[in-house]
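S.K.: Got a sequence here, can you model it:
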Amino acid sequence: MTLRYGVIGAGVVAPSHLEAIAALDEIELVGIAALHRAAAEALARDHHCRAVETADDLLADGLDVAVICTPHPSHAELTIRALESGAHVLCEKPLAPEVREADAMIAAADRAGRLLGVCFQQRFRPVIAAARRLLDEGRLGTLMRTSIVDPLYRPNAYYRSADWRGTWKGEGGGVLMNQAPHTLDLLCHLAGPPATVRGIAQRRAQPMEAEDTATALLTYADGAFGTVAVGTHPAGASPVGCLGMLGDTWEWTAGGFDGYPGFAPYPYREYSEVFFGGDYRVLRGGSWATRARVATPTFRNWDHPQRRQIFAGLRIAKDA
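M.R.: Next comes the predicted model:
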């Protein structure tokens, strides 16, 4: 059976979905719908399908699967329309800015008897899948505590690149709505949903309207507790890099590298090019990879890329 796909939205994430669709068997890419007609037409040429201006035009073709890649505030309306047209829906994260909207989307999927999925692809990373297996097999014992410190740094220029970034109207929020959903999903995927959440969110450093940092205290039904700290702002200016040691460590590896089996590197070329002319690869959060027992030259920044507090050295990979 051939599944007929349609993509709604032609922004920065749409090409990734189009490449994934192209890699599937027994599919037909019907078209791409976007208000930005020129962007839709450019993608349509590359992927040999047609471009249309409205989602309704695309849905009228009788899609089997609709992929929603539009700004967050439009997710609920477009998803519900796609479900009511008879299509299954894969929606980009976050599902919706408001809980009531997410509830309405789920209810629409139930009424239509169709699948509704959210793009939480981090669950399929080998290390996450392995952790999930260990938990399912009961090999890690009883949950006592969870702890996440996830620096999701974005330069100021990121928020100035589009007027919708970091706004309540354009995104429905800041770091919690855009950068941290994968982090929060993995927390719930591995530890289960907390029973209570108490937290604070603020804008501390970024040129944006919504929050750029958030911290929360979690409690679980069985008595376990946890903490979460996320932010897109640069880390503090500690001269000895204390915050960096907690996770906000950036590492550049000279030239190319080979990942050991099961490792998925996280390259951020757009940040490294500013400092190293594109000759290096930058890996977030101190992640790194090379062949087992092979040394690789590295440059470590214990604060954040803009300050160039960089140490040079060697790291040697060992068998996992």
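S.K.: do you know how far the residue lying closest to residue 156 once chain neighbours are set aside is from residue 169?
M.R.: Excluding the flanking residues, the one nearest residue 156 by Cβ to Cβ, 6 or more residues apart in numbering is residue 207, at 5.5 Å. From N, CA and C alone the C-beta is placed, and that goes for glycine too. According to Cβ to Cβ, to the nearest Å, residue 207 and residue 169 sit 16 Å apart.
S.K.: Then residue 102?
M.R.: With Cβ to Cβ as the criterion, residue 102 and residue 169 are 18 Å apart.
S.K.: When those two are compared, which one has more neighbours?
M.R.: Just comparing residue 102 and residue 169: by other Cβ atoms under 10 Å the higher neighbour count belongs to residue 102, 19 against 12.
S.K.: what secondary structure does the more buried one sit in?
M.R.: Secondary structure state of residue 102, per DSSP: H, G, I helix; E, B strand; the rest coil, is helix.
S.K.: Check the burial of residue 26 by counting its neighbours.
M.R.: Using other Cβ under 10 Å, residue 26 has 7 other residues around it.
S.K.: does residue 117 count as helix, strand or coil?
M.R.: Applying three-state DSSP: residue 117 is strand.
S.K.: And the helices in the stretch 1-150 of the chain?
M.R.: Under the criterion DSSP state H, counting those that start in this stretch, helices of the stretch 1-150 of the chain are mapped to 14-22, 37-47, 55-59, 75-84, 99-112, 126-136.
S.K.: Including mean pLDDT and distance to residue 181, could those go into JSON lines?
M.R.: Converted to JSON lines, these look like this (pLDDT from 0 to 100; distance: least, Cβ to Cβ, whole Å):
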{"stretch": "helix 14-22", "mean pLDDT": "95", "distance to residue 181": "16"}
{"stretch": "helix 37-47", "mean pLDDT": "95", "distance to residue 181": "24"}
{"stretch": "helix 55-59", "mean pLDDT": "96", "distance to residue 181": "23"}
{"stretch": "helix 75-84", "mean pLDDT": "98", "distance to residue 181": "12"}
{"stretch": "helix 99-112", "mean pLDDT": "98", "distance to residue 181": "12"}
{"stretch": "helix 126-136", "mean pLDDT": "91", "distance to residue 181": "15"}
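S.K.: Kindly compare burial across those helices and name the winner.
M.R.: helix 75-84 (a mean of 22; mean count of other Cβ atoms under 10 Å).
S.K.: residues contacting the residue nearest to residue 156?
M.R.: 156, 159, 160, 166 (Cβ atoms under 8 Å, 6 or more residues apart in numbering).
S.K.: pLDDT wise, what is the spatially most central residue of the chain at?
M.R.: Using Cα atoms, centre = their mean, the residue of the chain that lies closest to the mean C-alpha position is residue 182, 5.1 Å off. On pLDDT, residue 182 comes in at 95.
S.K.: Over to residue 301?
M.R.: According to the prediction, residue 301 has pLDDT 39.
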